[in-house]
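Trainee: using only what follows, build the 3D model:
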Amino acid sequence: MTGEDDDLPRVGAVVLDTARNLVGRVTGADGPRLRLRPLGGGIPWDVAPADLHPLTGAELLSALVTEANARSRRGR
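Mentor: Numbering: from 1, shown residues only. The predicted model follows:
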C-alpha cells in the first residue's frame, strides 16, 4: 500500500459520493475506484476517491436513521 491508501475510507465506512449526491457504504475497491452500496441495499456503484466526502457525525446519524426507516418499511 502507498501512503495515499491511508487516506481512503475503510470497508464499512459510510461516505457521500459527491458526483452523484448519494450516501453509500464502502464495500471494497475495484482497481483505483472504491465500490459503494446504498445503505438500504441495492445496486452497488464505483466511485473515484476524489469524489468521496466523509460524513460529519450529524450526517452519519441522519443516513443511518434513513437506513433504519427504510428497513422498517420493508418489514425487516
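Trainee: next, the buried residues of stretch 51-62.
Mentor: Of all the residues in stretch 51-62, those buried under the rule 16 or more other CB atoms under 10 Å are 52, 55, 60. C-beta here means a position set from N, CA and C on the backbone, and glycine is covered the same way.
Trainee: contacts only, for the second one.
Mentor: Think Leu55. 14-16, 23, 63 (CB atoms under 8 Å, 6 or more residues apart in numbering).
Trainee: the last one too?
Mentor: Contacts of Leu60 were listed using CB under 8 Å, 6+ apart, and they are Val14.
Trainee: so where does it fall, helix or strand?
Mentor: Using DSSP states H and E, Leu60 falls within helix 57-73.
Trainee: circling back to that earlier point, the contacts of Leu55 in strands, which ones?
Mentor: Counting by DSSP state E, the part of the contacts of Leu55 found in strands is 14-16, 23.
Trainee: among those, which one lies nearest to Pro32?
Mentor: Of all the ones in strands among the contacts of Leu55, Val15 has the smallest distance to Pro32: 16.1 Å, by CB to CB.
Trainee: how far away is the nearest residue to Gly40 once chain neighbours are set aside from Arg25?
Mentor: The shortest distance from Gly40 to any non-neighbouring residue, by CB to CB, 6 or more residues apart in numbering, is to Ala70 (3.9 Å). Separation of Ala70 from Arg25 (CB to CB, to the nearest Å): 13 Å.
Trainee: which of those two has more neighbours?
Mentor: With neighbours defined as other CB atoms under 10 Å, Ala70 and Arg25 compare such that Arg25 has more, 19 against 15.
Trainee: what sits against the more buried one?
Mentor: Arg25 touches 12-15, 36-39, counting by CB under 8 Å, 6+ apart.
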